[in-house]
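S.K.: Here is the input, now give the coordinates:
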Amino acid sequence: MALVTCPDCGRQVSTAAATCPQCNRPLGAALAPPPVGAAAEEVAWEGVPSMKAMLGEISSTALFVIALPIAAALTFGPGLSVIARLGRDMARTVAESRSTLQTAITVAVVVLVVLRLAKLGWHIAVLRSHRYRVSNQRILLESGVLSKRIDEVDMRTVEDIEFRQGLIERLLGIGEIGIIAADKRMARFRLLGIENPRDVRELIRANAFQATQRQLFTRTT
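M.R.: Presented below is the predicted three-dimensional model:
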């Protein structure tokens, strides 16, 4: 029996195996040795989303983390003064509870800051968990922080390749590539935060053009 390379983990696997013993990827006819004269799979590009795609959220989080404590400190004293003017009883309550209120507000500010930073950290982890691989035969997408998921699309099913780049993304040199395929399960998906997106789009188009025997149609961008 022959040995082939698992597309996911790169280990040598027997063609008689139902799954890869290393990564448990289901195996089948797709891993059988290619017919004589058939083109072997060649990886054309691999990448991950750029951290530049998170620049907007990173900036807003930094502003929140800096501005919230400052705003709380500046408004604490004046706020208590306004409440104290509402009456003698209120003034006495404010005087007696000032340290307690200050501690409560400090704790609330710290909790909000920590939650905002945790949210940012999770979004970064989710973004960076994505892995993209383009070969002359397929497009493979890996995602997942705690668990992993791998999806792939046969390059022969690619029908259109979209390109999107906003003003800020253009300044940062990143963009989004949309793939429209005949595959019902993966009919439309996106490659996010791609560096040099025009070059990557053209590379995908060239490989799809060859895989579809020069019948690929793409819209003008």
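S.K.: which SS class is the residue nearest to Val158 when sequence neighbours are not counted?
M.R.: Leaving aside its chain neighbours, Val158 sits nearest to Ala208 (4.1 Å; criterion: CB to CB, 6 or more residues apart in numbering). For every residue, glycine as well, the C-beta is placed using N, CA and C. What DSSP: H, G, I helix; E, B strand; the rest coil gives for Ala208 is helix.
S.K.: Now do the same contact list for Ala208.
M.R.: Met155, Arg156, Val158, Ile161, Leu216 (CB atoms under 8 Å, 6 or more residues apart in numbering).
S.K.: same question, Ala187
M.R.: Contacts for Ala187 (CB under 8 Å, 6+ apart) come out as Ile180, Ala181.
S.K.: give me that answer again for 6 Å
M.R.: Ala181 (CB atoms under 6 Å, 6 or more residues apart in numbering).
S.K.: where does the residue of the chain positioned farthest from its centre land on pLDDT?
M.R.: The C-alpha centroid of the chain is most remote from Arg88, which lies 56.4 Å away (CA atoms, centre = their mean). Arg88 is assigned a predicted lDDT (pLDDT) of 83.
S.K.: Now do the residue nearest to Val158 against Arg138, distance only.
M.R.: Computed as CB to CB, to the nearest Å, the Ala208 to Arg138 distance reads 10 Å.
S.K.: cool, Arg164 as well?
M.R.: Counting by CB to CB - Arg164 and Arg138 are separated by 23 Å.
S.K.: Can you check which residues contact both of Ala208 and Arg138?
M.R.: Met155.
S.K.: With neighbour numbers in mind, choose between Arg164 and Arg138.
M.R.: Using other CB atoms under 10 Å, the more surrounded residue of Arg164 and Arg138 is Arg138, with 19 against 12.
S.K.: got a list of contacts for stretch 111-125?
M.R.: Contacts to stretch 111-125, defined as CB under 6 Å, 6+ apart, come from residues Met54, Thr61, Phe64, Val65, Val145.
S.K.: That'll do, ta.
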